[in-house]
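Participant: sequence isn't available, so here's the structure alone:
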């Protein structure tokens with residue numbers, strides 16, 4: 001059974017960089033696509049970007065200028081960095097595995113709340 005677990009600070013100050021790590025167990029990040037998704041309070045899910053098994057990355061156009069996703073295959077982890085955050089980046093952040101054959105996110109982390117506030 002594949003399991004994903006997000007970790008990182010729950011509070012980030014405006015203008016700083018939000019950094020989250022997703023630790024994957026029960027499966028290797030050298031296969032599939034590994035995504036970050038967020039849900040602001042009272043709003044729907046917003047896809048942030050992914051890193052592929054190959055190391056290629058693709059980001060949402062609206063967040064591309066502030067986003068970096070990387071991976072550490074030795075630790076089976078992938079990481080999100082979102083720069084220059086504002087209170088509008090406050091959300092529950094999820095990591096998930098995307099299956100390109102099933103065209104769906106087949107495994108999700110439980111989510112972690114990140115609040116941007118001074």
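Facilitator: Great, that's in hand. This structure is a prediction, so every number in the text was calculated from the model and none was measured. Numbers count the residues shown, from 1 in each chain.
Participant: tell me who's in contact with the residue nearest the centre of the chain.
Facilitator: Note on the chain: the residue nearest the mean C-alpha position is residue 36, at 2.5 Å, using Cα atoms, centre = their mean. Contacts for residue 36 were tallied using Cβ atoms under 8 Å, 6 or more residues apart in numbering; they are 20, 22, 47, 48, 49, 50, 69, 80, 93, 94, 95, 96. (Glycine included, C-beta is placed from N, CA and C.)
Participant: again, only this time at 6 Å
Facilitator: Each residue near residue 36 by Cβ atoms under 6 Å, 6 or more residues apart in numbering is listed here: 48, 49, 80, 95.
Participant: quick check: which element contains it?
Facilitator: Using DSSP states H and E, residue 36 sits in strand 33-39.
Participant: where's the closest residue to residue 104 other than its chain neighbours relative to residue 115, distance?
Facilitator: Computed as Cβ to Cβ, 6 or more residues apart in numbering, the closest residue to residue 104 that is not its neighbour in sequence is residue 98, at 7.5 Å. According to Cβ to Cβ, to the nearest Å, residue 98 and residue 115 sit 27 Å apart.
Participant: now swap in residue 36 and tell me
Facilitator: According to Cβ to Cβ, residue 36 and residue 115 sit 17 Å apart.
Participant: give the buried residues for the helix or strand bottoming out on mean pLDDT in the chain.
Facilitator: Across the helices and strands of the chain, mean confidence by mean pLDDT, DSSP states H and E is lowest for strand 104-108: a mean of 93. By 16 or more other Cβ atoms under 10 Å, the buried positions in strand 104-108 come out as 105, 107, 108.
Participant: check stretch 43-60 too.
Facilitator: Applying 16+ other Cβ under 10 Å to stretch 43-60 flags 47, 48, 49, 50, 51, 52, 57, 59 as buried.
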